[in-house]
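Novice: Sharing a sequence plus its predicted fold:
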Amino acid sequence: PSFLPPPFGKEPDKKKGDERPKEKEKGKPRAIDKFMEELKFEQELRERRNQERDGRHGDTSTSSSHFDELPDEFDPSGRIPGSFDDGDPQTTNLYVGNLSPQVDENFLLRTFGRFGPIASVKIMWPRTEEERRRQRNCGFVAFMNRAEGQAAKDEMQGVIVYDYELKIGWGKSVALPSQALPAPPPGHMAIRNKEV
């Protein structure tokens with residue numbers, strides 16, 4: 001006959017061939033094992049960074065936010081990273097600190113617009129409940145040129161707006177648009193002169 005059944009009691013050759021690659025894989029690391037090692041390594045790095053960060057801020061029971069790290073008195077020396085003064089002597093971007101939660105972008109545009117054309121206005125609204133509890137915000141007003149920004153900085157430093165004393169400094173340089181923002185008509189402003 002043309003077909004002979006395999007002998008009983010003997011395993012087919014295919015099974016022996018299948019076992020050989022598995023024996024080779026025992027010494028070779030699997031992709032999933034490599035991936036797990038990478039995850040463990042990344043977790044260790046995160047834990048180290050968190051420990052370092054906790055060490056710098058002291059042992060506090062509540063987590064700190066970025067707003068809590070900002071000083072009450074603005075330091076225009078540029079020691080704080082982020083949107084603060086980057087040392088550019090031509091920056092036209094003013095940092096406006098200690099803003100009342102009642103102040104919005106239109107209010108800043110009306111208030112600072114009297115000094116000259118404004119390129120942009122931005123309030124850094126609180127994103128967490130902890131930041132909202134602080135009950136003060138900060139923002140940025142970018143002028144089209146430095147001289148008008150300097151005049152606004154000098155005039156508005158220490159002015160009381162909704163019972164909050166403004167803290168003004170230079171912010172990080174921003175790209176200026178080709179045209180200034182249109183100035184809204186003047187409206188009601190709860191501003192008192194600087195207290196002496």
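Specialist: Structure received. Numbering: from 1, shown residues only.
Novice: which stretches of the chain form helices?
Specialist: 13-27, 31-57, 66-69, 105-113, 129-133, 146-156 (DSSP state H).
Novice: Just name the shakiest helix or strand of this structure by mean pLDDT.
Specialist: helix 66-69 (a mean of 42; mean pLDDT, DSSP states H and E).
Novice: Please read off the pLDDT at residue 149 from the model.
Specialist: At residue 149, the model reports a pLDDT of 93.
Novice: my guess is it contacts residue 140, does it?
Specialist: No. Using CB atoms under 8 Å, residue 149 makes no contact with residue 140, being 11.0 Å away. Bear in mind the C-beta positions are built from the backbone N, C-alpha and C, glycine included.
Novice: More neighbours: the two, which one.
Specialist: Under the criterion of other CB atoms under 10 Å, the comparison of residue 149 against residue 140 puts residue 149 first, with 26 against 19.
Novice: quick one: that one and residue 101, what's the gap?
Specialist: 25 Å (CB to CB, to the nearest Å).
Novice: Kindly report the same for residue 112.
Specialist: 18 Å.
Novice: between those two, who's got more neighbours?
Specialist: residue 112 (25 against 15).
Novice: hang on, the more buried one packs against residue 120?
Specialist: No. Using CB under 8 Å, residue 112 is not in contact with residue 120; the gap is 11.1 Å.
Novice: Could you tell me which residues touch both of the two?
Specialist: Counting by CB atoms under 8 Å, 6 or more residues apart in numbering, the residues touching both residue 112 and residue 120 are residue 141.
Novice: what's the burial count for the residue lying closest to residue 138 once chain neighbours are set aside?
Specialist: Nearest residue to residue 138, sequence neighbours excluded (CB to CB, 6 or more residues apart in numbering): residue 97, at 4.6 Å. Applying other CB under 10 Å, we find 21 residues neighbouring residue 97.
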